[in-house]
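Engineer: Dropping a prediction and its sequence here:
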Amino acid sequence: MRGARARNVGVLLGLGLVALAAMMAPVAQATLSPSEDPFYRYEGSQRLSGIAPGTVLKTRTLSYHVAGIPLPVTAVQLLYRSTGAVGQPTVNVTSVLLPPLHIGTPVALSYQSFYDSLNNQDEPSYAISGGLSLGGLIPDVESAILAPALLAGETVVVPDTEGESADFAAGPEYGTNTLDSLRAALASPATGLAGARKVGLIGYSGGAIATEWAAEEAPSYAPELDAKIVGVAFGGTLVDPAHNLHYVEGSTVWAGVIPMALIGIGRAYGIDLTPYLSEYGLALYEKLQHASITEVLGQYPGLTWSQLAKPQYPTPETIPVYVEEANKLIMGRSGTPAAPLFIGQGAGGELEGTPGNKPGIGPGDGVMIAGDVRSLAREYCSRGVTVQYQQYEDLSHVPSALQWLPEAYSWLSQRFLGLPAPQDCGQIAPGNSLEPIP
């Protein structure tokens, strides 16, 4: 009960801090961007490929900032070794927020931000260090979400899930960045997490991509960490990106994520999609190279694939290089989570301008597809995973987050207390096929 009360107080405190910081933002000092800040670069003599994933390479301690204003919360930032989408060694940054007070053995809550962006200036680490950007407003607003966990005595780990090249929508890379962030956080003496035995993961929307992939990859990629994960909560989830491109076609709000996803996937996997694009598609592809989700929502109403591609490529599935990479991004094909799952998904996407009657797709929340999420949940149930699934029939993507978040926090609090996880596998309705594109 103490944790629940702390979370309620924390929500109010967090919202107040966001409002205060927003009013004070004009006097904030400038902070070096990730492309300018030497902290983001590995400068050691040892080859990066010879360093184990999750190894801490640099450490710095600073104040947690909201809208450029320092707050009385300590943030430890770590540069660590990770792994990219095609298996290449990379470096990345995570921010570990220390609670004002904790009693007993520390616990770690890994919070995956929904900062969805193709620009590394929108990374949570930049906002937390005092940086200001349009896309960085999302991590600033998320301070209201993080405050309850900090007041409950939990150490909050916030990774830059997309990596330093901002590979939007490249789910497997989100997962390795998240897992190596936790490895680094638990290994660093500056975080106080050396004795932590319990880890929880939580994320919504873009944060759900990282959260699910981390849970899916953990048993094989980070088994020593997997043993400490007690619960995983995600909502508004991108299960099969190829399906979602068809779902958001023509949406008045969400259609702009189509070119963003193409750019992010091409960037992560080193493929060139420009030969397949129309003149308009090429112009948009170039324009959005460094765009944030905040710059495309509602800006391209009614946008369709046929406007973006040359006539000889009537669907994305007619492009072989796209098919090869899109199949790698279907959740549930790379592993099976060991920890219990709490999954929430909206199904009232018409409220955000996305039709819900497309054949083979069905209802969604405006950007994510409910049938795909149910199929993923049912698949994990069939493999013996403990799953609790909630579908918000009349809510779209944004309102669903408000419904899901307190439920997810409450569910995770029970996992930290060691209570058995509930499951409702037998009540989850059938969904869509998640078979790869032939």
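Structural biologist: The structure has been received and is ready for your questions.

Engineer: list the buried ones in the helix or strand harbouring L402?
Structural biologist: Applying DSSP states H and E as the criterion places L402 in helix 397-416. Within helix 397-416, the residues scored as buried using 16 or more other Cβ atoms under 10 Å are 397-401, 404-405, 407-409, 411-416. C-beta: built from backbone N, CA, C; applies to glycine.

Engineer: And for stretch 307-324?
Structural biologist: 308-309, 313, 316, 319, 322.

Engineer: can you check stretch 176-194 too?
Structural biologist: Applying 16+ other Cβ under 10 Å to stretch 176-194 flags 176-186, 188, 190-193 as buried.

Engineer: Quick check, central residue of this protein?
Structural biologist: G207 (2.0 Å; Cα atoms, centre = their mean).

Engineer: Quick check: which element contains A283?
Structural biologist: helix 279-287.

Engineer: contact partners of that helix?
Structural biologist: 259, 262-263, 273-274, 277, 300, 307-310 (Cβ atoms under 8 Å, 6 or more residues apart in numbering).

Engineer: I'd like these laid out as JSON lines, including pLDDT, distance to Q345 and secondary structure.
Structural biologist: Putting the contacts of helix 279-287 into JSON lines (pLDDT from 0 to 100; distance: Cβ to Cβ, whole Å; DSSP: H, G, I helix; E, B strand; the rest coil) gives the following:
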{"residue": "P259", "pLDDT": "97", "distance to Q345": "25", "secondary structure": "helix"}
{"residue": "L262", "pLDDT": "96", "distance to Q345": "24", "secondary structure": "helix"}
{"residue": "I263", "pLDDT": "98", "distance to Q345": "26", "secondary structure": "helix"}
{"residue": "L273", "pLDDT": "97", "distance to Q345": "29", "secondary structure": "coil"}
{"residue": "T274", "pLDDT": "97", "distance to Q345": "34", "secondary structure": "helix"}
{"residue": "L277", "pLDDT": "98", "distance to Q345": "31", "secondary structure": "strand"}
{"residue": "Y300", "pLDDT": "97", "distance to Q345": "24", "secondary structure": "coil"}
{"residue": "Q307", "pLDDT": "98", "distance to Q345": "29", "secondary structure": "helix"}
{"residue": "L308", "pLDDT": "98", "distance to Q345": "27", "secondary structure": "helix"}
{"residue": "A309", "pLDDT": "98", "distance to Q345": "29", "secondary structure": "strand"}
{"residue": "K310", "pLDDT": "98", "distance to Q345": "35", "secondary structure": "coil"}
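
Engineer: Can you tell me which of those residues is nearest Q112?
Structural biologist: I263 (20.6 Å; Cβ to Cβ).

Engineer: what's the closest one in contact with, if anything?
Structural biologist: So I263 contacts 118, 168, 285, 288-289 (Cβ under 8 Å, 6+ apart).

Engineer: Buried members of the residues you listed into PyMOL, please.
Structural biologist: Written as a PyMOL command, the selection of buried residues from the contacts of I263, which uses 16+ other Cβ under 10 Å, is:
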select buried, resi 118+168+285+288
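
Engineer: quick one: which two of the contacts of I263 are the most distant?
Structural biologist: That would be F168 and Y285, which, of these, are the farthest apart (Cβ to Cβ) at 13.1 Å.

Engineer: so where is the chain shaky, pLDDT-wise?
Structural biologist: Residues of the chain meeting the criterion pLDDT under 70: 1-30.

Engineer: Out of the buried residues of helix 397-416, the closest to L351 would be?
Structural biologist: The closest of these, once distances to L351 are taken by Cβ to Cβ, is P399, at 7.5 Å.

Engineer: Leaving out sequence neighbours, find the closest residue to the closest one.
Structural biologist: G346 (7.1 Å; Cβ to Cβ, 6 or more residues apart in numbering).

Engineer: need the helices for the stretch 1-150 of the chain, in chain order.
Structural biologist: Shown for the stretch 1-150 of the chain, the helices assigned by DSSP state H, counting those that start in this stretch span residues 2-24, 124-128, 137-141, 143-151.

Engineer: correction: the stretch 251-400 of the chain
Structural biologist: 257-269, 279-287, 305-308, 320-328, 370-382, 397-416.

Engineer: So what touches the longest one?
Structural biologist: It stands for helix 397-416. 3-4, 7, 107, 109, 145, 148-149, 152, 154, 198, 200, 202, 204-205, 230-231, 233, 235-236, 254, 340, 342, 344-346, 348-349, 351-352, 365-368, 388, 390, 392, 395, 421.
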